[in-house]
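Peer 1: Predicted structure and sequence below. I'll ask about it afterward.
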Amino acid sequence: SQKDNAAEQSDKKELVVGMELAYPPFEMTDQKGNPTGISVDLAYALGEYLGRDVRIENMAYNGLIPSLMTGKIDIILSSMTITEERKESIDFSDPYAKAYLSLLINKNSPVQKFEDLNVEGRKIAVKKGTTGHLYAEKNLPNCEIMVFDKESACVLEVVQGKADAFMYDQMTIYKNWQQNPDTTRALLEPFQEELEYWGIGLRKDDSELRDQINAFLKEYNENGGFDELSMKYLAEQKKTFDELGIPFFFDIEK
Amino acid sequence: MNLKISGLNMSFGVNKILKDINLEIENAHSIVIVGPSGGGKSTLLRILAGLQLPSSGSIEINGKNMIFEEKNLQEYRKTVGMVFQSYNLFPHLTAMENIVLPLVEIHKLAPSEALDRASKLLGRFQLLEHAYKKPIQLSGGQQQRVAIARAIAIKSQFLLLDEPTSALDPELTSEVLEMIDELKNDFRDLVLVTHEMGFAKRACDYTLFMADGRILEHGPSKNLFEKPESTQLKSFLAKILEWH
Amino acid sequence: MNLKISGLNMSFGVNKILKDINLEIENAHSIVIVGPSGGGKSTLLRILAGLQLPSSGSIEINGKNMIFEEKNLQEYRKTVGMVFQSYNLFPHLTAMENIVLPLVEIHKLAPSEALDRASKLLGRFQLLEHAYKKPIQLSGGQQQRVAIARAIAIKSQFLLLDEPTSALDPELTSEVLEMIDELKNDFRDLVLVTHEMGFAKRACDYTLFMADGRILEHGPSKNLFEKPESTQLKSFLAKILEWH
Amino acid sequence: MDSKEKKPLSKNFNIFWAEKGLESDSNRIKRFVNIALVALILAAVLAYSFSKLNYSMRPETIYEYRYKFYTGFVMTVVISFFSLILSLGIGTFFAFARKSKFLPLHYLSKFYVEIIRGTPLLVQIYVFFYIVATAFSLENRYVLGILILSIFSGAYVTEIIRAGVESIEKSQIETARSLGFTPYQRYKFIIIPQVVRRIMPPLAGQFASLVKDSSLLSVIAVSEFTKNVQEVDSINFASIENYMALAIGYIILTFPISIISKKLERKFYYES
Amino acid sequence: MDSKEKKPLSKNFNIFWAEKGLESDSNRIKRFVNIALVALILAAVLAYSFSKLNYSMRPETIYEYRYKFYTGFVMTVVISFFSLILSLGIGTFFAFARKSKFLPLHYLSKFYVEIIRGTPLLVQIYVFFYIVATAFSLENRYVLGILILSIFSGAYVTEIIRAGVESIEKSQIETARSLGFTPYQRYKFIIIPQVVRRIMPPLAGQFASLVKDSSLLSVIAVSEFTKNVQEVDSINFASIENYMALAIGYIILTFPISIISKKLERKFYYES
Ligand SMILES: Nc1ncnc2c1ncn2[C@@H]1O[C@H](COP(=O)(O)OP(=O)(O)OP(=O)(O)O)[C@@H](O)[C@H]1O
Ligand SMILES: Nc1ncnc2c1ncn2[C@@H]1O[C@H](COP(=O)(O)OP(=O)(O)OP(=O)(O)O)[C@@H](O)[C@H]1O
Ligand SMILES: [Mg+2]
Ligand SMILES: [Mg+2]
């Protein structure tokens, strides 16, 4: 009966979007505490497309999936990577972005390329539950993997030389390298065979909404919405990435 | 006061403290219990105060049976004044507060009236200048006097006094004696435990001699002290002469 | 025991408790302090025990000056046995343990020897069957006897007893008297506070009469009790006759 | 024994109950010097550590995000305040329930303490919020947050209160009974006034914990202080500045608890 | 008063000190029934909530990741064990320091308690690990973690011990002094045996907190229980199963603390 209600009200009811506002510039807050960022803009655009009001629920990352499953939010839009494991619990829309892993490396570390990390005595910092974490577990059996809750801790570890490298997405690595040019360097070239894609998380039984969202994403991309977002939030990065010849987030060719 | 005790037994675990006490006293205003230390005097007094449950037996006071249920006992205790052997003042309250608190809270006196009554009693026991001291700041005898004052202040139907003059000098002991006389005139009864035989003889009209959990002898004080029958009581009283 | 006190003062905040006490006693084996409640007897005893610091003044015992520094006092206290007015047994220890613990830990006796000594004393005070009770399970008089036993057991140079028979019956009081005589024979001295004048007269050879923080009269017991000079002492003693 | 009196002869005498003496006025200068000394040493250690770090401070970034700091702080104040009061109520209730002769209540209290103390707050938040609250259609996450936090903290408070009440000597309860006090009056006039002093220090500790534990509510999207600061941190990456501000914020929050607890301790102080 | 004796006449008599009576053998069946009752009610609430959730359990996923669960659990045991002992030592030290006549020590103790209790463990971990430890070139994050956790918990332990020691009546200290006990002997024979019973409940609470607070060490990449479970959770997204396992794990960890604390409470029980 809950499902019927949901379907019945879906055109009037507001769309509750869950995200953790701690991943600039995708999900963040302005200085007054209002949600802002790429995902937030995307969420509002989606709301407009669906004709529903949007409410952003800001919560811890590991609260997102339980909240979705128990109906406390309607979708997750929080730079979430689509994985097989997650698909066991929730559904995803079509991917709207792709990300590469990069490395932030301590200046004095001997590590020059990704393979150098897979050596006894090297230490890598990763953020808990990120694809970097999963990738390291799979591909760096000889390296000591240190798992942290916060990016800032991972960065500090590298800056202080407690870890050789921090593996995360390009954009965060780039930003932190910029902020710590004296103590770190960055390895931005992609080294993964398989790319990772971000999708919007949905409840499994919400196929109607999924179709709507997929249609929206398609239209939004075709209308150049993602390019606009890139220009608004990631102009500098996009420029650097283009110079380096590295593909960018929203360059999804399917 | 009429007191009837039948088949009273009391034990702590395996220790039998009171052993089949039977007693019938009529028309005694003041009863004194004497006997060797550890004989069960305080225990009997605590049972009479409704603080301790006997293992078996019944007690009738002035024709009323004591019902050993918390509900009844709570009401009953309000009608009894008790002075403990170790005074048991509340350590966080001043001498004055120790007396006034039960008056105001339990007996619903107006605070001013309670203060008045307390002051009079404190004055009588030469404690006025110590009224605002906490128990720890009082000497032993001063604490004992506060405890007496607290028990008397509530104007209970009867009083239970456990060695109320043990820490008092002769002068104050006399004061307590006088007070006991006044209580008699007010028809307020009392049961008293003491080790001072002179005091016992003078203070009370009926005497119980308790030893080893039993009442070995009892009777009007005069008879008992002058013509003790049991050998135990005889030797008990004899000792006093040695050093008096 | 030679005792010399000069200019001793002691106050709690604004309350002057001891007021310029001067005293010189020579060759007294046992000293008794009598006087009205609140007169400062316990306080004086506690100063002699090294538990309380006087505000000013000095004390000389057997030619040795008391040095009021924690370090010295700690050693000094080992040589003194003390019975407190409120017994002060350790509530978490049994009667036996209360006696044995100081013997073993402070006076370094072998446990077996300590147990032996404690048993003898407990036996003497008719407490053997209560040896393994905690203080709360003992009657008032039993607690007091344990406290006396604890103080005597350490075989200290001298003993300070604060109303040691207040909770004891005549029989036990005689026992304490006998014990005091034995101590005299062992040349162990004592200072005693009591409200029982008969006991005082019989137990001690020198008497101090204290009232309101002052020593009003002192001298050999015989003289003092039979020919009191100060009006205070006279009226103090007179009261006893009223009821004895 | 009043230490004031003894000072002239030997200030070393009463080493166990020196508290009062330390606060006497003659010692004020000494006290100040010593506080300064301790503060200085601690500051020196920190300063040395910082100097070794080569860290360039950007304090202006805190000012930039002051609004987030402020709203988070206020939220934490509100949540802590209500949770504190509620947990005291819950703790008192279960401490009494433990003493109840009605056995289900007695065991409920035991269960409550063991289970709540035994499991992480995080798990409790998940269970209450996602499972129980969902089933009973409770929605308001702030109210639920306060409730969960109170239930959590209440278990610790229960045990603190129980220990305090049990430390009152039986003879006092008996005296109160002999005077005809009802159970309620016993608690009001005899037990509580004596227990306050004894339970205040652990209680203050528990409440300080509570204030800080409130940060865990961020997992159910309560934007409290820690969460907001961490969000700012993920944007400005000025970790040291952010966390210093966080520390100071919490000290400001817990300090009143310390002060009030010390006041109560002193107010209910009596020698025994 | 021994409640056993009073039962025949009225079991309602002694409502305040009924604890002992409840554990007498005649009540064993009653006790069992009541425990079962309470457990049943709690289980029913949970079961109802679950049923409302429509959640399909995947318990096999826990088995799949058992290794992570196991290593995390062991790490938490190790860290908790050493921190518990160390924090007891630290707490004892500072409780005594607070009483010291050497004023810098006295104020150090006050500072310590206020600052450590006042700031979140998270901040302390960052400050110690990334600032102080870096400056002094300390490296081992496990040892540092235990140290930080002990220092944190020690502040609460300090206050608990202080409150306990101060609740001992002065007359007992005085008696011990009169018998010639040294300060050390006073503590060993008189104060500690009496204080154990009074401080055990809050102390057990503090240690239960400590065990759970150890999870915060995950921020410096100590792979303890919570962290490992959360890692698993971020992979398998079987939140309910994971967190149930987490809860059970922590109950297993804290239960010995409860048991030992109750044992000690009973061992040092004496009527007063
Ligand atoms: N809780 C208890 N457990 C075991 N025995 C106890 C307990 N309380 C009291 N007793 C014993 O009961 C006996 C009687 O005690 P009670 O206090 O009634 O004696 P008493 O006649 O008042 O003695 P005293 O004159 O010394 O005060 C004593 O032998 C005492 O050891
Ligand atoms: N801590 C304190 N603060 C204030 N006054 C106190 C304190 N301790 C004792 N006193 C006062 O000191 C006086 C003497 O007390 P002390 O205990 O020495 O009397 P005492 O002669 O032993 O009396 P008693 O025969 O009643 O035991 C009393 O008036 C008492 O009130
Ligand atoms: Mg008695
Ligand atoms: Mg005295």
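Peer 2: Looks like it came in fine. Ligands and ions are numbered 1, 2, ... in the order given.
Peer 1: okay, CA-based contacts and neighbour counts for the rest of this
Peer 2: OK.
Peer 1: hmm, who's touching the host helix or strand of A:Ile65?
Peer 2: In this assignment (DSSP states H and E), A:Ile65 forms part of helix A:61-69. Helix A:61-69 is contacted by residues A:18-20, A:73-76, A:89-90, A:202-203, D:130, D:219-220, E:234, E:237, E:239 when judged by CA atoms under 8 Å, 6 or more residues apart in numbering or on different chains.
Peer 1: Which of those fall in strands?
Peer 2: A:Gly18, A:Met19, A:Ile75, A:Ile76, A:Leu202 (DSSP state E).
Peer 1: Between which two of those residues is the distance greatest?
Peer 2: A:Met19 and A:Leu202 (12.7 Å; CA to CA).
Peer 1: what touches both of these two?
Peer 2: A:Ile76.
Peer 1: quick one: which of these two has more around it?
Peer 2: It is A:Met19, of A:Met19 and A:Leu202, that has more neighbours when counted by other CA atoms under 10 Å in any protein chain shown, with 29 against 25.
Peer 1: wait, isn't that one in contact with A:Arg55?
Peer 2: No. Contact criterion CA atoms under 8 Å: A:Met19 and A:Arg55 do not qualify, at 10.7 Å.
Peer 1: Show me which residues of chain B sit near chain E.
Peer 2: B:Ser11, B:Phe12, B:Gly13, B:Gln52, B:Leu53, B:Pro54, B:Ser55, B:Ser56, B:Phe68, B:Glu69, B:Glu70 (CA under 8 Å from any CA of the partner chain).
Peer 1: let's see it at 7 Å
Peer 2: Within chain B, the positions lying close to chain E (CA under 7 Å from any CA of the partner chain) are B:Phe12, B:Gly13, B:Leu53, B:Ser55, B:Glu69, B:Glu70.
Peer 1: pull the helix or strand with minimum mean pLDDT from chain B.
Peer 2: helix B:231-243 (a mean of 83; mean pLDDT, DSSP states H and E).
Peer 1: Next, the buried residues of that one.
Peer 2: Residues B:Gln232, B:Leu233, B:Phe236, B:Leu237, B:Lys239, B:Ile240, B:Trp243 are the ones in helix B:231-243 that count as buried (16 or more other CA atoms under 10 Å in any protein chain shown).
Peer 1: For the fifth one, give me its contacts.
Peer 2: It stands for B:Lys239. C:Pro170, C:Glu171, C:Ser174 (CA atoms under 7 Å, 6 or more residues apart in numbering or on different chains).
Peer 1: please redo it, this time with the cut-off set to 10 Å
Peer 2: C:Asp169, C:Pro170, C:Glu171, C:Leu172, C:Thr173, C:Ser174, C:Glu175 (CA atoms under 10 Å, 6 or more residues apart in numbering or on different chains).
Peer 1: Distance check, it against C:Pro170.
Peer 2: Per CA to CA, to the nearest Å, B:Lys239 is found 6 Å from C:Pro170.
Peer 1: Flag every residue of chain B that's near ligand 2.
Peer 2: Counting by CA under 6 Å from any ligand atom, the residues of chain B lying close to ligand 2 are B:Gln137, B:Leu138, B:Ser139, B:Gly140, B:Gly141, B:Gln142.
Peer 1: Can you tell me the closest non-neighbouring residue to A:Lys98?
Peer 2: The shortest distance from A:Lys98 to any non-neighbouring residue, by CA to CA, 6 or more residues apart in numbering or on different chains, is to A:Tyr197 (4.3 Å).
Peer 1: tell me, how many neighbours does that neighbour end up with?
Peer 2: 20.
Peer 1: Can you tell me which residues in chain B are near ligand 4?
Peer 2: B:Gly140 (CA under 5 Å from the ion).
Peer 1: State the distance from B:Ser119 to B:Ala110.
Peer 2: 14 Å.
Peer 1: Could you pick out the longest helix of the chain?
Peer 2: The chain I'm using is chain A. helix A:207-222 (DSSP state H).
Peer 1: you looked at the wrong chain, it should be chain B
Peer 2: helix B:170-185.
Peer 1: Over to chain D?
Peer 2: helix D:66-98.
Peer 1: on contacts alone, who are the packing partners of it?
Peer 2: Packed against helix D:66-98 by the contact rule (3 or more CA pairs under 10 Å, 6 or more residues apart in numbering or on different chains; DSSP states H and E) you find helix D:60-64, helix D:103-118, helix D:141-166, helix D:192-213, helix D:225-236, helix D:239-267.
Peer 1: Same list, those, but as TSV with mean neighbour count, distance to ligand 1 and mean pLDDT please.
Peer 2: Below are the helices and strands packed on helix D:66-98 laid out as TSV (neighbours: other CA atoms under 10 Å in any protein chain shown; distance: least, CA to the nearest ligand atom, whole Å; pLDDT from 0 to 100):
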stretch	mean neighbour count	distance to ligand 1	mean pLDDT
helix D:60-64	15	66	84
helix D:103-118	22	26	90
helix D:141-166	24	18	94
helix D:192-213	24	24	92
helix D:225-236	24	54	84
helix D:239-267	18	33	90
